[in-house]
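[1] okay, predicted coordinates and the sequence, questions at the end:
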Amino acid sequence: MYSVPKLEDFSPAAIDAAAAELLAALRAEAETISGAKAFEEFRNRWMARKNGVLTQVNELWLKAAPGPAKREVGQRVNALKTQAEELVSLAAERASGSAQDERLRAEAVDVTLPGIERPLGVRHPVLRTLDELISVFVKMGYSIADGPEVESDYYNFEALNFPPNHPARDTQDTLFIAGQEERAQRDRLLLRTHTSPVQIRTMERITPPVRVICPGKVHRNDAPDATHSPVFHQLEGLCVDTGITFGDLKGTLDHAMKSLFGSAVKTSFRPSFFPFTEPSVEVSISCPFCGGRGCRPCKQSGWIELLGAGMVDPNVFGFVGYDPAKISGFAFGMGVERLTMMSYNVDDIQQFFYGDMRFLEQFA
Ligand SMILES: [Zn+2]
């Protein structure tokens, strides 16, 4: 590494020779600089006011020169400084250029790399089934009604004629919103356990005739297993008008099931109980997979239970201000996941909610 020599000879020729040596060393060092940090060290070594090489030149050459030689030496030292500064500023340009090169290299995009493949999305199988159901009933003149998922006890139970001690009101089955002990029972909020409150809200809003379907998400306090999920979807329907009979209920559901599963499908109605319908029925269809001979989906029975239905209980009409002496109606409901599991031969309801691409890809 270059260090400034002490001079004994201060003649112009000796100064010129020493200056040339210094510049050669500076030039050689400047050529090896790469990166901002190395340049900073280089510049300090040569240019620093305190003990930089050029400061030492001042001390050892100019100040040490005998009186008569000072003028000549001063001129040469000044010329040397100018040249040295030029060399340093050239090195500065090169160093900042190489920093930029480095940045460009780091940010470079390799256009030959394969791109990110974004798979095409499709409707979730549950929503696909829901869409099919909706389209069947829309074709029959039904419109779609919607309502809140957080409901009051009144709309979810009371107005639907649930007796005070009905097990569905128990926290075993219902997810109540916490911290409502101060409220009257009918005002307490819960996650709706069925889409039936939408029927009440619809009847409060419009006068008969009513033909609506209520598709949506419902919640139960159920531990998840192969056939239970705390969240699932229902589709309910409601038809209210003058002179609606049980025959209309049978005809409507028979037509809907034939639209969904083919005209060979038969329906069967068996007495049942729901608080909000009287009489109530469970509706089964003849197994669309085996035609009634018996197979796995129908558990060898030839029939599959799909819907609950019934004539709207007159008490329910009382809650919404309809006159049961003048009008009548029927309601029905089904679980969309259950229907989807059957349609696509899925044996675990949890598969619909995992978001596992290996499962969902099969529906693309
Ligand atoms: Zn079958």
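    Arrived safely, thanks for sending. Numbers count the residues shown, from 1 in each chain.
[2] show me what from the stretch 251-364 of the chain comes close to the ion.
    Residues of the stretch 251-364 of the chain lying near the ion by Cβ under 5 Å from the ion: 287, 289, 290, 295, 298. Placement of C-beta: from N, CA and C, glycine included.
[3] the closest residue to the fourth one other than its chain neighbours and residue 343: what is the separation?
    Okay, so that is residue 295. Nearest residue to residue 295, sequence neighbours excluded (Cβ to Cβ, 6 or more residues apart in numbering): residue 289, at 5.2 Å. In this view, residue 289 and residue 343 are 10 Å apart by Cβ to Cβ, to the nearest Å.
[4] same thing with residue 359?
    Per Cβ to Cβ, residue 359 is found 15 Å from residue 343.
[5] distance of the residue nearest to residue 232 when sequence neighbours are not counted from the ion?
    Using Cβ to Cβ, 6+ apart and skipping the chain neighbours, the partner closest in space to residue 232 is residue 337 (4.8 Å). According to Cβ to the ion, to the nearest Å, residue 337 and the ion sit 19 Å apart.
[6] helix or strand: which one has the residue of the stretch 51-200 of the chain found nearest the ion?
    The ion sits closest to residue 129 of the stretch 51-200 of the chain, with a gap of 18.6 Å, by Cβ to the ion. Using DSSP states H and E, residue 129 maps to helix 125-139.
[7] what's the average pLDDT for that helix?
    Averaged across helix 125-139, pLDDT comes to 95.
[8] for that helix, packing partners?
    The contact analysis (3 or more Cβ pairs under 8 Å, 6 or more residues apart in numbering; DSSP states H and E) places helix 125-139 against strand 210-219, strand 231-241, helix 246-261, helix 336-344.
[9] can you name the next helix or strand after that helix?
    strand 143-144.
[10] now the nearest residue to residue 166 once chain neighbours are set aside: how far from the ion?
    In space, and not counting its chain neighbours, residue 166 is closest to residue 275: 6.4 Å by Cβ to Cβ, 6+ apart. Going from residue 275 to the ion by Cβ to the ion gives 32 Å.
[11] quick thing: my sequence starts at 382, can you match it?
    Sure thing, new numbering starts at 382, so read that last one as residue 656.
[12] burial measure for residue 656, as a count.
    Residue neighbour count, defined by other Cβ atoms under 10 Å, stands at 17 for residue 656.
[13] got phi/psi on it?
    Main-chain torsions, residue 656, degrees, to the nearest 10: phi -60, psi -30.
[14] quick revisit: just the buried ones from the residues of the stretch 632-745 of the chain next to the ion, in ChimeraX syntax?
    To isolate the buried ones among those in ChimeraX, judged by 16 or more other Cβ atoms under 10 Å, type:
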select :668,670,679
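[15] list the contacts for the residue nearest to residue 613?
    Shown in contact with residue 718 (Cβ atoms under 8 Å, 6 or more residues apart in numbering): 507, 610, 613, 614, 730, 733.
[16] so who does the fourth one touch?
    With contacts taken as Cβ under 8 Å, 6+ apart, residue 614 has the following neighbours: 507, 511, 596, 597, 598, 599, 716, 717, 718.
[17] what residues are up against the fifth one?
    To tie it back to what came earlier, the one meant is residue 598. By Cβ under 8 Å, 6+ apart, residue 598 lies in contact with 530, 612, 613, 614.
[18] change it to 7 Å
    If a contact means Cβ atoms under 7 Å, 6 or more residues apart in numbering, then residue 598 has 530, 612, 614 as its contacts.
[19] next, count neighbours for the second one.
    So the one you mean is residue 612. Neighbour count of residue 612, defined by other Cβ under 10 Å: 16.
[20] ok, and the closest non-adjacent residue to it?
    Closest residue in space to residue 612, ignoring its immediate chain neighbours: residue 600 at 5.7 Å, by Cβ to Cβ, 6+ apart.
[21] kindly report the same for the last one.
    Sequence neighbours aside, residue 717 is the residue nearest to residue 614 in space, at 3.8 Å (criterion: Cβ to Cβ, 6+ apart).
[22] could you pull up the mean pLDDT of the longest helix belonging to the chain?
    Ranked by residue count, the top helix of the chain under DSSP state H comes out as helix 451-488. The pLDDT scores in helix 451-488 average 86.
[23] mind giving me the packing neighbours of it?
    In terms of contacts (3 or more Cβ pairs under 7 Å, 6 or more residues apart in numbering; DSSP states H and E), helix 451-488 is packed against helix 393-412, helix 417-428, helix 434-438.
[24] just how off-centre is that helix within its chain?
    Taking Cα atoms, centre = their mean, to the nearest Å, one finds the center of helix 451-488 at 55 Å from the center of the full chain.
[25] buried stuff in it?
    Buried, per 16+ other Cβ under 10 Å, within helix 451-488: 454, 457, 458, 461, 465, 468, 469, 472, 473, 476, 479.
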